[in-house]
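K.L.:
Got a sequence here, can you model it:
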Amino acid sequence: MSTTKHGAAHRRGHNRGKTVGIPVALSAAAALVCLVFAVLPGGGAATGGPAGATVGAPAAGSTAGSGSSAPAAGAPSDPAQPSASAPASPSSSASPSASVPARASASAAAKPAAPAAAPAGGRIRPGVGYQGVATAYEAADGNGACLFGPSGDMMIAAMNHTDYETSRACGAYVRIKASNGASITVRIVNECPLPCAPGQIDLSQQAFAELADLKVGRLPITWSLLSPADAPQTLSVRYQTGSSQYWCAIQVIGHRNPVAALEVQTGTGWRQLPRTGYNYFTAADGKGCGARIRITDLYGEQLTVDGIAVRANVVQATPVQFSRH
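P.N.:
From the prediction side, this is the model:
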């Protein structure tokens, strides 16, 4: 754009010279005077000034001003390429360089504020309704894959393999409503292996009979997680048979809400233990066995328990219980 304007000015000056008819000698003298002014200090400022202004503020619509530094209006911007305006206005909320760190900072600050999302992470979630089918099995004394032991209340059930999810469903209270309108609450103490389908719950015969005649066999149901008011007042902890200071496995019993994680305190801080399909959390190297225990439920609530010694296969009561939701 600047080159085009300079050429037009040059052509206009050339036409004026021909119109007035200045003598050749006078023209030569005038040219000599211009040359003298050009070499004096400050000479050329008039011609250099406009050129500099053009570079510093390109005209709207110029090719140089609409290159990679600023995408055309309506064109998608490349997130990997910060716009030219970003360095000029770092405090502006609209600039990419300011908004990206702001999002990262907000995300980091939000993580501690929502602990429930991290431990939950399973298939069964609070406030969600599930569809499936109810079947029945002979529950005997009520013991099952969760290894809680005999049950005094036969309103119990086995969760299908998929939703059992490596014992995450153990101890969960589930509200079941049948297609005929009948409903019951059961506690998950067992696993229904494949081919039990996702959503299917295998009820004790006693529980199924509360919904329909056992001859029905398969009953369409809807179900959801429950945080009951009539759960045990406190939960208990049990070390598995064979546990010692060199190896241990820990189980939580009588919890109102499903247990999402279990940690033990070591010399370097809290250590989360892996969970087994038979509902124990194991410390294969013994680190943390007999130390403080921290238990997290599906909602993110954490309870810390002291004074639980390594006493194999002994149910040890605690003074704590998860809140009702």
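
K.L.:
If you count neighbours, what's buried in stretch 223-240?
P.N.:
By neighbour count with 16 or more other CB atoms under 10 Å, stretch 223-240 contains the buried residues 223, 225-227, 231, 235-240. For every residue, glycine as well, the C-beta is placed using N, CA and C.

K.L.:
can you give me the helices for the chain?
P.N.:
For the chain, helices defined by DSSP state H occupy the ranges 2-20, 24-39, 45-56, 85-88, 96-113, 117-120, 161-164, 205-209.

K.L.:
Okay, now the unreliable bits of the stretch 101-250 of the chain?
P.N.:
In the predicted model of the stretch 101-250 of the chain, residues 101-121 satisfy pLDDT under 70.

K.L.:
repeat that with 50
P.N.:
Along the stretch 101-250 of the chain, the parts satisfying pLDDT under 50 run over 101-119.

K.L.:
Would you map the strands across it?
P.N.:
Assigned by DSSP state E, counting those that start in this stretch, the strands in the stretch 101-250 of the chain fall at 130-137, 156-160, 173-178, 183-192, 201-204, 219-226, 236-239, 248-253.

K.L.:
Need these in CSV (columns: distance to Tyr280).
P.N.:
Below are the strands of the stretch 101-250 of the chain laid out as CSV (distance: least, CB to CB, whole Å):
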stretch, distance to Tyr280
strand 130-137, 23
strand 156-160, 17
strand 173-178, 21
strand 183-192, 14
strand 201-204, 22
strand 219-226, 22
strand 236-239, 9
strand 248-253, 4
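
K.L.:
of all the ones you listed, which lies closest to Gly144?
P.N.:
The stretch from these with the least distance to Gly144 (CB to CB) is strand 183-192; that distance is 2.7 Å.

K.L.:
contacting residues for the closest residue to Ala197 other than its chain neighbours?
P.N.:
Nearest non-adjacent residue to Ala197, counting by CB to CB, 6 or more residues apart in numbering: Asn160, 6.2 Å away. Asn160 is in contact with 132, 191-192, 196-202, counting by CB atoms under 8 Å, 6 or more residues apart in numbering.

K.L.:
who does Asn160 bridge with?
P.N.:
With DSSP bridges as the criterion, Asn160 is bridged to Cys192.

K.L.:
Quick check: the gap between it and Ala145.
P.N.:
Noted for Asn160: a distance of 12 Å to Ala145, by CB to CB, to the nearest Å.

K.L.:
again with Ile308
P.N.:
Counting by CB to CB, the gap from Ile308 to Ala145 is 24 Å.

K.L.:
And Tyr239, by the same measure?
P.N.:
Counting by CB to CB - Tyr239 and Ala145 are separated by 19 Å.

K.L.:
Kindly report the same for Ala312.
P.N.:
Ala312 is 20 Å from Ala145, by CB to CB.

K.L.:
With neighbour numbers in mind, choose between these two.
P.N.:
Between Ala312 and Ala145, counted using other CB atoms under 10 Å, the more crowded position is Ala145 (21 against 13).

K.L.:
Now that one: closest residue in space that isn't a chain neighbour?
P.N.:
Once flanking residues are discounted, Ala145 sits nearest to Glu191: 4.0 Å by CB to CB, 6+ apart.

K.L.:
Also Cys170?
P.N.:
Cys146 (3.8 Å).
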